[in-house]
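Trainee: Only the shape, not the letters, is given here:
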């Protein structure tokens, strides 16, 4: 891909933070031009190099730590605010949906995680996405 060599592309990305707005804008336009000229998409440019990313790097890129596990999360990742909303959502899902045993167990595990202070932002996002999927499946609108 012409113009997309890593070193010069990173140099352009570094210029995006310039205090000089005209320099930052010029860098942004050059990045966009090179991307278009190369026929690349942002997904192409931001994808990890195959085989180069180890498990930790892949988790950093995706925000996904494995099959419903937050073992690799740090204390800073723990969710401390608004767990009352998450608990209410869990109870509503347990009561209102025809759930598989695995999904029911997962929700109960989330409830335990909240009680133990181990519920994370990633868990909360997953919970909201689960609610949206279940509501789409049942044809009902989510409660806000």
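Mentor: Structure's in. What do you need? If you're wondering where the values come from, they're calculated on a predicted model, not measured in any experiment.
Trainee: Can you find the helix or strand in this structure with the smallest mean pLDDT?
Mentor: Lowest by mean pLDDT, DSSP states H and E among the helices and strands of the chain is helix 55-62, with a mean of 47.
Trainee: got the buried residues for whatever helix or strand comes next after that one?
Mentor: Heading C-terminal from helix 55-62, the first helix or strand you meet, by DSSP states H and E, is helix 83-96. By 16 or more other CB atoms under 10 Å, the buried positions in helix 83-96 come out as 83, 86, 89, 90, 93. Using the backbone N, CA and C atoms, a C-beta is placed for each residue, glycine as well.
Trainee: Stretch 29-36 now?
Mentor: Per 16+ other CB under 10 Å, stretch 29-36 contains these buried residues: 31, 34, 35.
Trainee: Nearest residue to the last one in space, ignoring adjacent ones along the chain?
Mentor: In space, residue 35 comes closest to residue 45 once its chain neighbours are excluded; the distance is 6.6 Å by CB to CB, 6 or more residues apart in numbering.
Trainee: quick one: that neighbour and residue 32 touch, right?
Mentor: No: taking contacts as CB atoms under 8 Å, residue 45 lies outside contact range of residue 32: 11.1 Å.
Trainee: Could you chop this structure up by domain?
Mentor: Taking automatic domain parsing as the domain assignment, the record places the domains of the chain at 6-46, 75-138.
Trainee: could I get those as a markdown table with mean pLDDT?
Mentor: Putting these into a markdown table (pLDDT from 0 to 100) gives the following:
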| stretch | mean pLDDT |
| --- | --- |
| domain 6-46 | 85 |
| domain 75-138 | 83 |
